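1. Sharing a sequence plus its predicted fold:
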Amino acid sequence: MVWILFVVISVMIVPYHEPWADEIQALLIAQETGFYDLMTQIPRQEGHTPLWYLLLKLSAAVFGESFNIAYISLFVMSAAVGILLFGCKIPPAYKFLLPFGHYFLYQYNIIARNYCLSYLALAMLAVLYEKRHIHRWPYAVSLFLLAEASLIFALPAAALGLFWIVEAYKHHRGSVKNYYLPFGFLCIAGLFTLWQILPFNTTL
């Protein structure tokens, strides 16, 4: 019921939101830039990992250039709220208060920015954290999503990944081979993120 109320209120607010300059800038970049440049030049110029631009580009291709980008962040935040409500063991009062706070209901829900993807990744990590040594692949993918959602969260994602590796070696040494593939994925994903944002061979 809380999740449905969150979605209904959000849908009612969206038509009254006039996109801000940075929202439109991200959309124009996504529409006017080729896939290769989105993956290489744009992250180094804008200081953002490209996942949000790729999502905008795909949405524009599917729904047309006149679509309201606020519905993208609304969809992402609705997924994040649903994961928190149905997947996390939190007090009932928090389940009602969190979705209707400023950041969940408006700041990254109605205002379409890449940080909504960070909230989705954090919600996934909150659900998976206690069982991170059981659901290894979902946890690894969630860490990669956190790093690719926003450059601000790339370092925390790397720290969580390193902590996970050290913890697995100390406490699960007998089954550490089960971690090879997800750890290898995280290492490659980390190098990929660095390659996207560091100014290698940038031309003016």
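-> Yes, it's here.

2. Closest to the centroid, which residue in the protein?
-> The centroid of the chain falls nearest to Leu117 when counting by C-alpha atoms, centre = their mean (2.6 Å).

3. Just the element for that one, please.
-> Remark: Leu117 resides in helix 115-128, with elements defined by DSSP states H and E.

4. got it, and Lys57?
-> Per DSSP H and E: Lys57 is located in helix 51-63.

5. For this structure, just list every one of the helices.
-> 2-13, 21-32, 35-39, 41-46, 51-63, 70-87, 92-97, 102, 115-128, 136-149, 154-171, 180-197 (DSSP state H).

6. Which one of these lies nearest to Tyr108?
-> helix 115-128 (4.5 Å; C-beta to C-beta). In this view, the C-beta of every residue, glycine as well, is placed from N, C-alpha and C.

7. which other helices and strands contact the closest one?
-> helix 51-63, helix 70-87, helix 136-149 (3 or more C-beta pairs under 8 Å, 6 or more residues apart in numbering; DSSP states H and E).

8. Can you tell me which of those is nearest to Tyr180?
-> Taking the helices and strands packed on helix 115-128 one by one with C-beta to C-beta, helix 136-149 is closest: 10.1 Å.

9. For stretch 21-41, list the C-alpha coordinates in PDB.
-> The C-alpha coordinates for stretch 21-41 follow below in PDB (Å, rounded to 0.1, in the frame of the first residue of the first chain):
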ATOM      1  CA  ALA A  21      18.900  23.100 -17.000                       C
ATOM      2  CA  ASP A  22      21.100  20.300 -15.900                       C
ATOM      3  CA  GLU A  23      18.400  17.800 -16.700                       C
ATOM      4  CA  ILE A  24      18.000  19.100 -20.200                       C
ATOM      5  CA  GLN A  25      21.700  19.200 -20.700                       C
ATOM      6  CA  ALA A  26      22.100  15.500 -19.900                       C
ATOM      7  CA  LEU A  27      19.200  14.700 -22.200                       C
ATOM      8  CA  LEU A  28      20.700  16.700 -25.100                       C
ATOM      9  CA  ILE A  29      24.100  15.100 -24.600                       C
ATOM     10  CA  ALA A  30      22.500  11.700 -24.700                       C
ATOM     11  CA  GLN A  31      20.600  12.500 -27.800                       C
ATOM     12  CA  GLU A  32      23.300  14.200 -29.800                       C
ATOM     13  CA  THR A  33      26.300  12.000 -28.900                       C
ATOM     14  CA  GLY A  34      27.200   8.700 -30.400                       C
ATOM     15  CA  PHE A  35      27.600   5.600 -28.300                       C
ATOM     16  CA  TYR A  36      31.400   5.500 -28.400                       C
ATOM     17  CA  ASP A  37      31.700   9.100 -27.400                       C
ATOM     18  CA  LEU A  38      29.200   8.600 -24.600                       C
ATOM     19  CA  MET A  39      31.400   5.800 -23.200                       C
ATOM     20  CA  THR A  40      34.700   7.600 -23.600                       C
ATOM     21  CA  GLN A  41      34.800  11.400 -24.200                       C
END
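
10. show me the residues around Tyr179 that make contact.
-> Arg136, Ile165, Ala168, His172 (C-beta atoms under 8 Å, 6 or more residues apart in numbering).
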